[in-house]
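Asker: can't give you the sequence, but here's the structure:
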C-alpha cells in the first residue's frame, strides 16, 4: 500500500446497512429476471422490496450529498424500470399518447429526474462545496 493510499479518506458502511444493500441487489435481479422471463407476479412483487430498500438507503445517506444524489438516482431508476416493466407486462407500452410518444416513453420522466439529481451534484454542489467536502473527508 502506498503512502497516498494510507492517507486517503475511508468511506465505511455499517455491516447491517451493507447486508441490506446486498439483499437489495438480489431483489433487483429477481425483478429484472422476472421481466426478462415474463413472470408477471414475481416481477411486480419484487418492485416493492427493491423500491422500499432503495428509499431506505437514500434516507440513511441523506447527510452525504454525494451518496444522497446517487441513491436518489438509483431510486428513480428503479421506478422508471418498474413502470417500463409493468407497461410491457400489461401491454400498454406501445399505446400512443400523442404523435410518436407512447406510454413507455413516460419512463423517461423518472430516468431524467435521476440524471438531474446527478447533474445537480456534479455540476453545482460538488463545484460549489468542494472545499467543505474535502474537509469532511479528512475528518
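Answerer: Cool, the structure landed. All values derive from a computational prediction rather than experimental measurement.

Asker: Am I right that residue 26 is in a strand?
Answerer: No: counting by DSSP: H, G, I helix; E, B strand; the rest coil, residue 26 is not part of a strand but helix.

Asker: My guess is residue 34 contacts residue 28. True?
Answerer: No: taking contacts as CB atoms under 8 Å, residue 34 lies outside contact range of residue 28: 10.8 Å. Just so you know, the C-beta spots here come from the backbone N, C-alpha and C atoms, and that holds for glycine as well.

Asker: any residues in contact with both of those two?
Answerer: Jointly contacting residue 34 and residue 28 under the rule CB atoms under 8 Å, 6 or more residues apart in numbering are residue 46.

Asker: Phi first, then psi, for residue 92.
Answerer: phi -120, psi 10 (degrees, to the nearest 10).

Asker: and what of residue 102?
Answerer: phi -110, psi 170.

Asker: Use 675 as the first number from now on
Answerer: New numbering, starting at 675: the last item is residue 776.

Asker: burial count for the closest residue to it other than its chain neighbours?
Answerer: Sequence neighbours aside, residue 768 is the residue nearest to residue 776 in space, at 5.3 Å (criterion: CB to CB, 6 or more residues apart in numbering). A count of nearby residues for residue 768, using other CB atoms under 10 Å, gives 10.

Asker: so who does residue 776 touch?
Answerer: 767, 768, 769, 770.

Asker: From the residues you listed, keep the buried residues only.
Answerer: Listed as buried from the contacts of residue 776 are residue 767; burial here means 16 or more other CB atoms under 10 Å.
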